[in-house]
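**Student:** Quick one: sequence and predicted model below, then my questions.
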Amino acid sequence: MFVFLLFIFFLLSINFFFHKKGSISLAFLFTGIFFGIATILITEISSFFEAYNSSSSIYFWSILCSLLTFLSFKQKLFDWNNYKILYVSNKKIIWFIGSLSILLFIQGILYPPNNWDSMTYHMARIAHWVMNESIEPYPTHIYRQIYQPPLAEWMIGQICLLNRADYFANSLQLFFLIASLGVVNLLMLLLKIEKKTRNIACVLVITTPSIFMQATATQNDIVVGFFILCILYFLILFFKRKNTINALLLGLSIGCALLTKGTAFVYLIPIMGLGVLLLIRSIYQKHFVFLKDTPLLILVIALSLTIPFSHYYRNYKLSNDIFGASEDNYFNENISTKSTLIGIVKNIGIHMSTPVTSNLTNQIVEKAHLITKIPISDKKYSYNGIQFKMNNWNHNEDEVSNFFQVILFGFILLYWIVYRKKHNPTFTYTILFCLFTFFVFTFILKWQPWHMRLQVPLFMLMAIPTAMMISSLNKEMIRYAILGILTVYCLVLAIYNPNRPLLKNEKQAKLKTRFEKYFVAMPPYLEEYKQWRCRVTKNSPTQWDVHGDTWEYPIYYDCFHMKRKEFNIVHIKNKSKYAIK
């Protein structure tokens, strides 16, 4: 079980950067970027030599851990007094984050990756890479496995190759959630916000349902959220101190974000807008020296394009399109004022999934469509023509609503509008940036019922002005009451998580083995997949009606420790035009 190499890597890396930078938040930030870049290197190199396997990963991480150990001992970076000081001065927030993190870690270990997207493409694509010992495109009926940015899955792939199983696959996003808390803290420190408010923001982030629930899943929204926060942090830092290090880290963060998830392009738009404003201000104040600073901007652009280049080049070779020429259209068509308003209403409405507000939300959305004369399932503005319908309580990581966070932000927005002249500029700027980011998101992307998951980076940003408002409340009991309600609700979600429940119902209690737990949310699938598992061990062709949402991973789940060949699929429904290239 060589997965301990990654645990050692994380401990050594965090310790190294903590002693070098004097900040645990910076230590997690640098470790997150370091892990991303290291993963890209081992993945690309091993795949080039068709050696994407456990042996290559063991050699690579052993060398990296040895190098970190050597540097740490040589520079005497093992002063435990620094950790004692850190603990004493941050005892409450460490216990809070630590307790929730331990709960999430245990939940992620008890259950294998088992949400829908993991079964169809997040984990399934990793299984194909392992069986092929390469990340090159392969024949598949699930085209998302090929063209979607793969960095989060490359990271999970390293975890699974070292562990030779998927026991720790769910833990990746938990690490990046903790690292994201560090970046939120750094952003607020950069904005000169006090410690109490920074701690409240960290509580708000980790208790956001769509973030909390995803921390035990093998999706990628928290990972891309981390890199988006890093981009924002290093962008602001770059215009404060223009140097090669900040330019380097900004470029690496952008590149990693673009290699993690396509929504990074959407979130980059408001960040680039902020960058343009900071550049104009810097030029106006004569702080920007063209001969000295222009090469730094070129470095940022070069790194941003270099990091994801190989993936987008593979897409281009396959489809003559760097984005893979996907047959799915995620972008709004014939954009107008009416369509944008509909998008805003529906993207707020998805967070109103409660027994009290669901029916009212459905009625409001229907009324909005009637007024604008846009059909509620219009494919121009709704992904695949999916009709808007809120259930009484959505509580899985794909569709869980951030009800309390949206209500809180709504009150804060109302208060800001009424008393905007009394607020400090930082509060105003953070609110405006969040609003602009939300507008860009709704303006560009078609509505999807799982948009709450894609909005993870937005809710990480929204925690900053929300924390500032909560911190300003005069009565401490009100602050504790708000944060307490958010925490208790997240604990309820953890207990009744339909994919990874801590309190099982009668049907879920019957699923004992790890293989059976892949089907916690879909027990009817179990017997059918047991039969397919028998066939795959013999590699015998069979009639298999598959499509772009077929659960493929349970067929290959043991490929990390057993030599498996890809299943010989005979019948494919809704086959992509690139599926057999």
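**Tutor:** Now that the structure is in, tell me what you want to look at. Just so it is clear, the structure is predicted and the values come from calculations on it, not from any experiment.
**Student:** Skip ahead from the lengthiest helix in the chain and say which helix or strand is next.
**Tutor:** Using DSSP state H to assign secondary structure, the helix with the most residues in the chain is helix 24-48. Using DSSP states H and E, the helix or strand that directly follows helix 24-48 along the chain is helix 54-74.
**Student:** What is that following helix packed up against?
**Tutor:** With contacts taken as 3 or more CB pairs under 8 Å, 6 or more residues apart in numbering; DSSP states H and E, helix 54-74 sits against helix 4-21, helix 24-48, helix 151-163. Any C-beta I mention is one placed from the backbone N, CA and C, and that applies to glycine too.
**Student:** Could you check how far residue 339 is from residue 346?
**Tutor:** 11 Å (CB to CB, to the nearest Å).
**Student:** quick one, which of the two is more surrounded?
**Tutor:** residue 346 (24 against 21; other CB atoms under 10 Å).
**Student:** Count the residues that sit near the residue nearest to the more buried one when sequence neighbours are not counted.
**Tutor:** Nearest non-adjacent residue to residue 346, counting by CB to CB, 6 or more residues apart in numbering: residue 447, 4.6 Å away. Counted with other CB under 10 Å, residues neighbouring residue 447 total 23.
**Student:** So in terms of bridging, what pairs with residue 447?
**Tutor:** In this entry, residue 447 is beta-bridged to residue 382, by DSSP bridges.
**Student:** is it true that it touches residue 345?
**Tutor:** No. The criterion here is CB atoms under 8 Å, and residue 447 misses it with residue 345 at 9.4 Å.
**Student:** between the two, what contacts are shared?
**Tutor:** Common contact partners of residue 447 and residue 345 (CB atoms under 8 Å, 6 or more residues apart in numbering): none.
**Student:** does residue 374 count as helix, strand or coil?
**Tutor:** The local conformation at residue 374, judged by DSSP: H, G, I helix; E, B strand; the rest coil, is coil.
**Student:** What is the burial count for it?
**Tutor:** Considering only other CB under 10 Å, residue 374 is surrounded by 19 other residues.
**Student:** Dihedrals phi and psi, it?
**Tutor:** phi -110, psi 120 (degrees, to the nearest 10).
**Student:** Now do the contacts for residue 227.
**Tutor:** So, once contact is read as CB under 8 Å, 6+ apart, residue 227 ends up touching 36, 253-254, 256-257, 260, 264.
**Student:** Could you check how far it is from residue 419?
**Tutor:** The value you get for residue 227 to residue 419, if CB to CB is used, is 35 Å.
**Student:** One more: residue 293?
**Tutor:** Distance from residue 293 to residue 419, counting by CB to CB: 39 Å.
**Student:** Next: residue 527.
**Tutor:** The value you get for residue 527 to residue 419, if CB to CB is used, is 61 Å.
**Student:** same question, residue 490
**Tutor:** 31 Å.
**Student:** ok, back up a step: what pLDDT, on average, does the longest helix of the chain get?
**Tutor:** The average pLDDT for helix 24-48 rounds to 97.
**Student:** can you check stretch 308-320 too?
**Tutor:** Stretch 308-320 shows a mean pLDDT of 94.
**Student:** Can you give me the pLDDT of residue 419?
**Tutor:** Predicted confidence (pLDDT) for residue 419: 81.
**Student:** cool, and residue 503?
**Tutor:** 88.
**Student:** same check, this time on the one 5 residues further on
**Tutor:** Note on residue 508: pLDDT of 83.
**Student:** give me the number of residues near it?
**Tutor:** Other residues close to residue 508 by other CB under 10 Å number 18.
**Student:** Cross-check the contact I'm expecting between it and residue 499.
**Tutor:** No. Judged on CB under 8 Å, residue 508 makes no contact with residue 499 at a distance of 9.9 Å.
**Student:** if I look at these two, which residues touch both of them?
**Tutor:** The contact lists of residue 508 and residue 499 share residue 520, where a contact means CB under 8 Å, 6+ apart.
**Student:** Now do the contacts for the nearest residue to residue 329 once chain neighbours are set aside.
**Tutor:** Leaving aside its sequence neighbours, residue 329 sits nearest to residue 446 (CB to CB, 6+ apart; 7.3 Å). Residues near residue 446 by CB under 8 Å, 6+ apart: 329-332, 380-383.
**Student:** try 6 Å
**Tutor:** 330, 332, 381-383 (CB atoms under 6 Å, 6 or more residues apart in numbering).
**Student:** And the strands in the stretch 251-400 of the chain?
**Tutor:** Counting by DSSP state E, counting those that start in this stretch, the stretch 251-400 of the chain has no strands to list.
**Student:** can you give me the helices for it?
**Tutor:** Secondary structure of the stretch 251-400 of the chain by DSSP state H, counting those that start in this stretch: the helices cover 263-284, 290-306, 309-319, 337-349, 358-372.
**Student:** Tell me how far the longest one lies from the chain's centre.
**Tutor:** When distances are taken as CA atoms, centre = their mean, to the nearest Å, helix 263-284 is centred 22 Å away from the chain's centroid.
**Student:** buried stuff in that helix?
**Tutor:** If you call a residue buried by 16 or more other CB atoms under 10 Å, then helix 263-284 has these buried ones: 263-264, 266-268, 270-271, 274-275, 278, 282.
**Student:** With the third one instead?
**Tutor:** Buried positions in helix 309-319, judged by neighbour count with 16+ other CB under 10 Å: 310-312, 314-315, 318-319.
**Student:** Great, nothing more from me.
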